[in-house]
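> Give me the fold of what follows.
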Amino acid sequence: MRRERLAAIIRGRDARACVRAAMVLVEEGVGLIEISLTTQDADRVLREVVHEAGDRALIGAGTVLSAEDAERARDAGATWLVTPCPGAGLDAARGTGLPVLGGALTPGECAAVMAAGATAVKLFPASLGGPPYLGALRDPFPDMPIVPVGGVDAEAAAAYLTAGAVAVGVGGPLLGDAPHGGDTAALRERARAFLAVCADGAGT
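All right, here's what the predicted structure looks like:
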């Protein structure tokens, strides 16, 4: 997360389009890609993207809510897992031995997620408080690795990185309609823009 600074989140209703979108991101140099388990035929999408990406990107699985979710994601080849909140999904994800980005919003949830063994906190939905809220969390938790997710556009990404985020997780503002069969050329342009923002923020 600290090295890549950008995690792309794919959630779509067209499995083939999701695979294509993922590979566009890989081709553009996005090194962290999360496939949400709410995606149509998510297991197949995960397997295909893991196979096609090879060692060019680390492919994770998101929206892990249960032991079944964690196991199917691991079996499909995911190398990291993401949960939307504390609870059974986080415990199950940790049980796989894979790195886990654990979802949290409040200070108490953030502390609980890290105490449960998460690798980093997924601050979600980050848009509720924005970069100022992340900045406030840095006061009691200066060393906590936090990744804002939810409503993060390119401008917000820069602000979050300046406020101390180790990386940003980006879905719709980056992917657009590509996971539903939409424009992949526009996706390439957005990927380049986000990567530029994250490279600029690498020294913050």
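> Give me the buried positions along stretch 144-156.
Across stretch 144-156, burial judged by 16 or more other Cβ atoms under 10 Å covers 144-154, 156. (Each C-beta comes from the backbone N, C-alpha and C, glycine too.)
> So which of those sit within helices?
154, 156 (DSSP state H).
> nearest to residue 89, of the buried residues of stretch 144-156?
Distance to residue 89 across these (Cβ to Cβ) is lowest for residue 149, with 15.0 Å.
> quick one: the closest one and residue 9 touch, right?
Yes: counting by Cβ atoms under 8 Å, residue 149 does reach residue 9; the two are 7.1 Å apart.
> Off-centre distance for stretch 102-109?
How far stretch 102-109 lies from its chain's middle: 16 Å, per Cα atoms, centre = their mean, to the nearest Å.
> now swap in stretch 126-139 and tell me
18 Å.
> quick one, helices of this protein?
15-28, 42-53, 67-75, 88-95, 107-115, 130-138, 154-163, 172-175, 184-200.
> Give me the contacts around the longest one.
I take that to be helix 184-200. Contact with helix 184-200 is made by 4-6, 8, 20-21, 24-25, 27-30, 154, 157-158, 161, 167-168, 170, 173-176, 178, as judged by Cβ atoms under 8 Å, 6 or more residues apart in numbering.
> Residues touching stretch 106-121, excluding its own?
Under Cβ under 8 Å, 6+ apart, the answer for stretch 106-121 is 1, 80, 85-86, 90-91, 94, 99-104, 123, 137, 140-141, 144-147, 166.
> For PyMOL, write the select line for the buried members of the residues you listed.
Those of the contacts of stretch 106-121 that count as buried under 16+ other Cβ under 10 Å are selected in PyMOL with:
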select buried, resi 1+80+85+86+90+91+94+99+100+101+102+103+104+123+137+141+144+145+146+147+166
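> In contact with the nearest residue to residue 135 once chain neighbours are set aside, which residues?
Once flanking residues are discounted, residue 135 sits nearest to residue 163: 4.3 Å by Cβ to Cβ, 6 or more residues apart in numbering. For residue 163, the residues meeting the contact criterion (Cβ under 8 Å, 6+ apart) are 131-132, 134-135, 138.
> quick one on the thing from earlier: which one among the buried residues of stretch 144-156 gets closest to residue 35?
Using Cβ to Cβ, the buried residues of stretch 144-156 come closest to residue 35 at residue 149, 14.4 Å.
> Poorly predicted segments of the chain, please.
201-204 (pLDDT under 70).
> please redo it, this time with the cut-off set to 50
203-204 (pLDDT under 50).
> thinking again about what came up before, columns distance to residue 58 and neighbour count on top of the contacts of residue 163, output as JSON lines?
Below are those laid out as JSON lines (distance: Cβ to Cβ, whole Å; neighbours: other Cβ atoms under 10 Å):
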{"residue": "131", "distance to residue 58": "26", "neighbour count": "21"}
{"residue": "132", "distance to residue 58": "30", "neighbour count": "10"}
{"residue": "134", "distance to residue 58": "24", "neighbour count": "21"}
{"residue": "135", "distance to residue 58": "28", "neighbour count": "16"}
{"residue": "138", "distance to residue 58": "26", "neighbour count": "14"}
